[in-house]
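S.K.: Fold the following, please.
(one chain, ligands or ions: 1)
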Amino acid sequence: MSSNRFYITTAIDYPNSVPHMGHAYEKVVADFYARAARLRGIDTHFLIGLDEHGQKIQEAADNAGTDPQSFVDEKAGVFRALYDKLEISHDDFIRTSEDRHHEFAEDLYRRLKESGDIYKDHYEGDYCISCEKFLTASELVDGKCPIHERPTTVIKEDSYFFKLGKYRDQVRAHIEANPGFIYPDERRREILARLDDEVRDLSISRSTFDWGIPVPDDPEHVLYVWVDALSNYYSALVRPNDLTERFWPADCHVIGKDILWFHTMIWPAMLLSAGYELPRQVYVHGFILDKDGRKMAKHLGNVVDPMQVVEEFSVDVLRYYFLRTFSSGKDGKFSVDELEERYNSELGNDLGNLILRVSKLVQTKLGGRVQVGADNPEFSERLAPDATIEEFFRCADAREHNRAMESLWDYVRATNAYLNDRAPWRIGDETELSKVLGAGVEALRVIAHLASPAMPAVAASIAAALGFELGRIDDVGAPAECEVRPSTPLFPRRETEAKEKQKAKKQPAAPEDPFSKLDIRVGRIDEARDHPDADQLFVLTVDLGEDEKRSICAGLRAHLEAKDLTGRKVAVLANLKPAVLRGVPSAGMVLASDRADGAVVPVDPGEADIGASIQVEGIETKPKKKLSKSNFEKAPLTAKGGVVVYKDKPLRTPAGDLAVDSEDGATVR
Ligand code: ME8
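M.R.: Numbers count the residues shown, from 1 in each chain. Model (predicted):
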């Protein structure tokens, strides 16, 4: 981004039906870039809207038994509500049925005409009403539109034509001279290849229906819906306040790959004819596909409703999933299971625990107050954020939002590793502790700012909990005193009961309780050694009463000494899929829980015999042979009243309850 202003737009949606996942995805992607620009103090204008004219809308209104204007008015409410809910930070919302838009579209038509680029002719062809375009014989598959898989309609009529072919060479030269004009490069190559062929003139008026903008001087015709629609990007800048000087040409048109031609050939040609500058970039995202890899579309009956996902998780979780999971410019398969996994690991474990640890320690050990700032040597030497910030915005400028998120997560993990290493829960000296925790809060200040384009509500919650202000990225690092308040977890473990109920609804056969798959047994640690290559891990030799003792790696080195572990009885998840951790085999997991002060403590099976099974009353266990980590996470174990519980019921050895030294609600894992 060279200048200090940024005008970004999305496609304007057809409100012929309800909004779908693809609509939500596109707006979230564009919103990320708009917010990232504002975070750097760039004068930003972000436009979204609705494409309300054309045959498709007229037919939908007819089917609904209402007039097109009332129909789109009602739908506009639905789309706006979704985008408000998704925290889309648009500065303007254009509807093509607005007067301000009509005036400009007519004006644009006149300019094309004055350039000598309009003529009247007769047209006959196969029209796809869903695409709102004519298809050539070679585009048809079995006589049907390949995208919508439905038959086309033969349309014969008099029409005005725009001399599109005349601009082919000029548009091609522009694309060749400006490598960044079309992102990603594969779409650029696709268009350049297409521009090797002849480009036919474009029929730009229709006379068989009237829901559209009348052609100036010939009101028997309405403007072709795409000519009408594309002009929104400019019309919205003209009225109510003239922002054309400030924001045209647009910096980035965000669109899906099915409407590439309209944006990279037709729109530039119209702008050239009318004498306007060309936009700087057309950013083309892929499609959100269903889990089987098919495009989500109503006529295919495979649509996942974005609102449902938002209700089950939260807006920011959906936004995070979109931005982190799907590679920029590529198609992506939407999977609720993957979303859930990322929720637990990246949001819950990486970020959520970091916030909780730091804020609890500041409250319990420093009375809730801590000094932050980049001048703290603990911070500047161990957690310097400059490389992360630079990489984050470099990726944003390169339209690689998923990479930007990855670089942020590297920093989140580095902050966690720093805390494990410095182990503030073991530091007695208050000055030293203030420095270490000050560095932790300062790192979270960086993290909240960089997370804000993807997760604005989460960023605001982090700031509120830790007591700093959210501002521009350049403000981060200024010295300040933070007052840290008690807060609730941002990414709580999800209610499995509700989820199980929902699953049960879907499949009438009673689902097995996830706990029944677990094999938890009493074991004794015979030896604890440092892992040769991982400084968080102990390598434990554990006796589970089997023929051979097991080797199990445990991430307890930041919390305990080897001598605290030797001879100790522990509870072991014995059927966890064996793994090799940095060269050392590990068969099982020692159960431990997080304490609010940051310590991690193994749970205590008391007097029970080695090898004894640990159960929950009323759940018959049928352990899986090799349990995945995610299957273990489906049966969340927590602390309550000093014992480990599952769904509020205590875990028991034959000798009594499984004890734990953590506060209620702490996760046992
Ligand atoms: O095309 N995944 O409107 P639209 C990702 N009105 N994106 C998807 C998608 C999917 N499954 N399905 C659609 C129009 N989209 C015109 C645009 S612009 C001047 C006029 C994207 O409601 C699609 O690629 O059919 C487009 O960018 C946007 O959603 C609106 O699609």
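
S.K.: How about stretch 325-334 and the ligand, touching?
M.R.: No. Under the criterion of C-beta under 6 Å from any ligand atom, stretch 325-334 makes no contact with the ligand; the nearest approach is 8.0 Å. Backbone N, C-alpha and C define where each C-beta goes, glycine included.

S.K.: tell me how far the ends of that stretch are from each other?
M.R.: Distance between the two ends of stretch 325-334: 9 Å, counting by C-alpha to C-alpha, to the nearest Å.

S.K.: Report the buried residues of it.
M.R.: Within stretch 325-334, the residues that count as buried by 16 or more other C-beta atoms under 10 Å are Thr325, Phe326, Ser328, Gly329, Gly332, Phe334.

S.K.: residues touching the third one, list them.
M.R.: Each residue near Ser328 by C-beta atoms under 8 Å, 6 or more residues apart in numbering is listed here: Val29, Pro184, His285, Arg399, Glu400, His401, Asn402, Arg403.

S.K.: in the stretch 451-600 of the chain, what residue is nearest the ligand?
M.R.: Proximity to the ligand, evaluated over the stretch 451-600 of the chain using C-beta to the nearest ligand atom, is greatest for Ala454 at 17.8 Å.

S.K.: The buried residues of stretch 325-334 into TSV, with extra columns for pLDDT?
M.R.: Below are those laid out as TSV (pLDDT from 0 to 100):
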residue	pLDDT
Thr325	95
Phe326	96
Ser328	97
Gly329	97
Gly332	93
Phe334	92
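
S.K.: For the closest residue to the ligand within the chain, which residues are in contact?
M.R.: Residue nearest to the ligand within the chain (C-beta to the nearest ligand atom): Gly256, separated by 1.8 Å. Gly256 makes contacts with Ala11, Gly22, Glu26, Val284, His285, Gly286, Phe287, as judged by C-beta under 8 Å, 6+ apart.

S.K.: Most neighbours among the residues you listed, which one?
M.R.: Taking other C-beta atoms under 10 Å as the neighbour criterion, His285 ranks highest of the contacts of Gly256 with 28 neighbours.

S.K.: Helix or strand next in line after the helix or strand of the chain with the lowest mean pLDDT, which one?
M.R.: Least confident helix or strand, the chain: helix 496-506 with a mean of 56, by mean pLDDT, DSSP states H and E. For helix 496-506, the following helix or strand on the C-terminal side (DSSP states H and E) is strand 520-530.

S.K.: In the sheet, which strands lie alongside whichever helix or strand comes after that following strand, parallel or antiparallel?
M.R.: Counting by DSSP H and E, the next helix or strand C-terminal to strand 520-530 is strand 538-543. Strand pairing for strand 538-543, determined by DSSP bridges: strand 520-530 (antiparallel), strand 550-554 (antiparallel).

S.K.: Need the winner for burial among those strands.
M.R.: strand 550-554 (a mean of 23; mean count of other C-beta atoms under 10 Å).

S.K.: and for it, what are the contacting residues?
M.R.: Strand 550-554 is contacted from outside by 523, 531, 534, 537-542, 544, 572, 581, 584-590, 592, using C-beta under 8 Å, 6+ apart.

S.K.: just the buried members of the residues you listed?
M.R.: Buried members of the contacts of strand 550-554, scored by 16+ other C-beta under 10 Å, are 523, 531, 534, 537-540, 542, 544, 572, 581, 584, 586-590, 592.

S.K.: in stretch 338-356, what counts as buried?
M.R.: 339-340, 342-344, 346-356.

S.K.: For Arg369, which non-adjacent residue is closest in space?
M.R.: Glu483 (5.8 Å; C-beta to C-beta, 6 or more residues apart in numbering).

S.K.: quick one: which of the contacts of Ser328 is most hemmed in?
M.R.: Of all those, His285 has the most neighbours under the rule other C-beta under 10 Å, reaching 28 neighbours.

S.K.: give the contact list for it.
M.R.: Shown here is His285, whose contacts under the criterion C-beta under 8 Å, 6+ apart are Tyr25, Glu26, Val29, Val254, Ile255, Gly256, Lys257, Ser328, Gly329.

S.K.: need those residues in JSON lines with secondary structure, can you?
M.R.: Putting the contacts of His285 into JSON lines (DSSP: H, G, I helix; E, B strand; the rest coil) gives the following:
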{"residue": "Tyr25", "secondary structure": "helix"}
{"residue": "Glu26", "secondary structure": "helix"}
{"residue": "Val29", "secondary structure": "helix"}
{"residue": "Val254", "secondary structure": "strand"}
{"residue": "Ile255", "secondary structure": "strand"}
{"residue": "Gly256", "secondary structure": "strand"}
{"residue": "Lys257", "secondary structure": "helix"}
{"residue": "Ser328", "secondary structure": "coil"}
{"residue": "Gly329", "secondary structure": "coil"}
